[in-house]
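Peer 1: the sequence and its predicted three-dimensional model are supplied below.
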Amino acid sequence: KTQVEQSPQSLVVRQGENCVLQCNYSVTPDNHLRWFKQDTGKGLVSLTVLVHENDKTSNGRYSATLDKDAKHSTLHITATLLDDTATYICVVGDRGSALGRLHFGAGTQLIVIP
Amino acid sequence: DMKVTQMPRYLIKRMGENVLLECGQDMSHETMYWYRQDPGLGLQLIYISYDVDSNSEGDIPKGYRVSRKKREHFSLILDSAKTNQTSVYFCASSSRQGANSDYTFGSGTRLLVI
C-alpha cells in the first residue's frame, strides 16, 4: 500500500507563475519529511527538510510546510523558471536513527513552459 | 566536490546473465543504499549497508545481493538477470540518520534486461 501520495501527478505552468505541490502520507511514526528535485536522467537533490509540527522552511524560491496532525505537506515554487522543470519527490523518514527508513512518493512531474 | 558515482550509466543484458552495478562515494559516509525506480512508483529500497560487511535487506531484496568491502564502495549484483529487473537503479549515501542526514544520490544506472 502506498504510504506517500503526491498530487498532482503532473503539472504544466508558464514561466513566472507560482505553483503548489501536495504530499499526503500515512507513514507512522513520521520523524521528518523531505522534498527532493530530480532532473530528467539525474539523481535526487534535497531541497528542504521539515521536522516539527507546523514547520515552515524556505530555500530561495522554494518554500514548504508540514502539518503533522493532517500528515500533509506542501511545496510552493514561486516565479517558476524553465530550469524548475523536473520531478519533485516527497519523502517521509520514519525514524531518526540508523533503523529509520525513507518512504518515497512517486513524484509530481512539473513542466515549465515559456 | 562531494558526490556519489555510479557505473555504468547504461547497461543492456540478456536474461540469465550476471549483472554488476558499482557505486562509489568520496565523503566517507557510513551508510549506503541501493534503490530502484520504476515508472509511477516511488523509489524502493533493495539493500542498505551500515558500514563495511554490515548489510541488511531492504523492502525488495529478492534477486539481488550486495557487497561492501570498502567504506567508499558498494556493489549491487544480479545473479541471472530477469526481465522484471529492468529499471533505473540509484545508489545513495548518508553520514547520519534522520532529519540531519545529508543524503547524496548518484545519477542512476539504467538497466535493460532483454
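Peer 2: Alright, I've got the coordinates. Note that this is a predicted model, so its numbers are computed, not measured.
Peer 1: assign a three-state SS to the residue nearest to the spatial centre of chain B, would you?
Peer 2: Closest to where the C-alpha atoms of chain B average out (C-alpha atoms, centre = their mean) is residue B:34, at 2.7 Å. Of the three states, residue B:34 takes strand under DSSP: H, G, I helix; E, B strand; the rest coil.
Peer 1: so it sits against residue B:89, correct?
Peer 2: Yes: Residue B:34 lies in contact with residue B:89 (C-beta atoms under 8 Å); the separation is 6.5 Å. The C-beta positions use only the backbone N, C-alpha and C, and glycine is treated the same way.
Peer 1: list residues touching both of these two?
Peer 2: Residues touching both residue B:34 and residue B:89 (C-beta atoms under 8 Å, 6 or more residues apart in numbering or on different chains) are B:21, B:46, B:76.
Peer 1: among these, which one lies nearest to residue A:94?
Peer 2: residue B:46 (17.7 Å; C-beta to C-beta).
Peer 1: can you count the residues close to the closest one?
Peer 2: 24 (other C-beta atoms under 10 Å in any protein chain shown).
Peer 1: do residue B:69 as well
Peer 2: Counted with other C-beta under 10 Å, residue B:69 comes out at 9.
Peer 1: that one should be in a strand, yeah?
Peer 2: Yes: counting by three-state DSSP, residue B:69 falls inside a strand.
Peer 1: quick one, what contacts the closest residue to it other than its chain neighbours?
Peer 2: Using C-beta to C-beta, 6 or more residues apart in numbering or on different chains and skipping residues adjacent in sequence, the residue nearest residue B:69 is residue B:52, 6.5 Å away. Neighbour list for residue B:52: B:68-71 [criterion: C-beta under 8 Å, 6+ apart].
Peer 1: filter those to the buried ones?
Peer 2: For the contacts of residue B:52, a neighbour count by 16 or more other C-beta atoms under 10 Å in any protein chain shown gives the buried set as B:68, B:71.
Peer 1: re earlier: of the shared contacts of residue B:34 and residue B:89, list those near chain A.
Peer 2: With the criterion set as C-beta under 8 Å from any C-beta of the partner chain, no member of the shared contacts of residue B:34 and residue B:89 is near chain A.
Peer 1: tell me the contacts of residue B:26?
Peer 2: Residues near residue B:26 by C-beta under 8 Å, 6+ apart: B:2-3, B:5, B:72.
Peer 1: any regions of chain A where pLDDT drops low?
Peer 2: Residues of chain A that meet the criterion pLDDT under 70 lie in A:1, A:96-99.
Peer 1: tell me which parts of it are close to chain B?
Peer 2: Within chain A, the residues that sit near chain B (C-beta under 8 Å from any C-beta) are A:2, A:4, A:31-32, A:34, A:41-46, A:49, A:51, A:89, A:91, A:93, A:95-107.
Peer 1: pull out the buried members of those residues.
Peer 2: The neighbour-count criterion (16+ other C-beta under 10 Å) marks A:4, A:31-32, A:34, A:43-44, A:46, A:49, A:51, A:89, A:91, A:93, A:96, A:100, A:102-107 among those as buried.
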